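Student: build me a structure from this.
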Amino acid sequence: MTEARFADLAADLRRTFDQSFAEPAAGAHEDAEAFLGVRVADAGVALRLGELAGIFVARRIVPVPTSAAALLGLAGIRGVAIPVYGLRELLGHPSSPARPRWIVLARAEPVGFAVDELDGHLRVLPSELSPVQGEATPGHVRETARVAGILRPIVSVSSLVGALKMQLGVVDSRKET
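Tutor: Model prediction:
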């Protein structure tokens with residue numbers, strides 16, 4: 001193989017490689033919604049990525065005196081002291097003596113939720129989402145997602161934030177007239 005032919009082949013391979021990153025992944029659907037899979041008390045749940053502002057690992061959570069069992073304390077995130085609540089406690093599971101490793105930050109308000117484990121990035125088609133009906137619905141779960149044949153509850157971060165604001169008596173001044 002001549003040097004010029006080798007250079008052409010290398011350039012063609014480079015173009016093909018670069019092009020593969022510009023195209024959607026095989027099997028990816030444009031209308032699929034993105035979720036973060038997390039584990040809470042050994043149960044898999046999903047959080048909408050659109051409701052999250054970030055994921056942080058191994059942040060020190062400083063306990064604060066409080067009567068709110070779910071409030072684990074404050075963590076420094078992006079230069080701000082953020083209240084961190086245990087997602088397991090907010091969902092009605094007993095507290096764990098283990099220190100949570102992950103904090104997900106809500107997009108709507110400066111509040112974090114500690115989770116036990118990350119399960120990965122999930123892409124879910126609208127046809128795989130189902131509303132939860134009935135009074136047996138756990139709080140803050142209004143939908144489920146079928147992922148790899150398994151139903152996974154979708155925890156509404158905005159519902160959690162709204163409930164915390166109500167609990168604290170916080171009034172949104174933007175909604176007052």
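
Student: what residues are bridge-paired with residue 112?
Tutor: residue 84, residue 105 (DSSP bridges).

Student: could you count how many residues lie near it?
Tutor: Number of residues near residue 112 (other Cβ atoms under 10 Å) recorded here: 26. Every residue, glycine included, has its C-beta placed from N, CA and C.

Student: and residue 87, how many neighbours?
Tutor: The burial count for residue 87: 28, using other Cβ under 10 Å.

Student: wait, isn't it in contact with residue 39?
Tutor: No: contact criterion Cβ atoms under 8 Å: residue 87 and residue 39 do not qualify, at 9.9 Å.

Student: contacting residues for residue 37?
Tutor: 44-46, 118-122, 147, 152 (Cβ atoms under 8 Å, 6 or more residues apart in numbering).

Student: go again using 10 Å as the cut-off
Tutor: 44-47, 117-122, 145, 147, 152 (Cβ atoms under 10 Å, 6 or more residues apart in numbering).

Student: sorry, back to before: show me whatever sits in contact with both of residue 87 and residue 39.
Tutor: Shared contacts of residue 87 and residue 39, defined by Cβ under 10 Å, 6+ apart, comprise 45, 102, 115-116.

Student: in ChimeraX, how would I select the buried members of those residues?
Tutor: Typed into ChimeraX, the next command selects the buried ones out of these (criterion: 16 or more other Cβ atoms under 10 Å):
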select :45,102,115,116
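
Student: what segments of this protein are strands?
Tutor: Using DSSP state E, the strands of the chain run over residues 33-40, 43-48, 52-57, 61-62, 71-77, 80-86, 102-106, 112-115, 117-124, 129-131, 141-147, 150-155.

Student: the inter-axis angle of the first one versus strand 102-106?
Tutor: Relative orientation of strand 33-40 versus strand 102-106 (axes from the mean of the first three to the mean of the last three Cα atoms, to 10 degrees): 140 degrees.

Student: what average pLDDT does strand 33-40 get?
Tutor: Mean pLDDT, strand 33-40: 91.

Student: over to the third one?
Tutor: The average of the pLDDT scores along strand 52-57 is 92.

Student: that strand packs against which elements?
Tutor: Judged by 3 or more Cβ pairs under 10 Å, 6 or more residues apart in numbering; DSSP states H and E, strand 52-57 is in contact with strand 33-40, strand 71-77, strand 102-106, strand 112-115.

Student: what does the second one contact?
Tutor: Counting contacts by Cβ under 10 Å, 6+ apart, the residues outside strand 71-77 that touch it are 53-54, 56, 59-66, 80-86, 89-90, 95, 99-100, 103, 105, 110-114, 164, 167-168.
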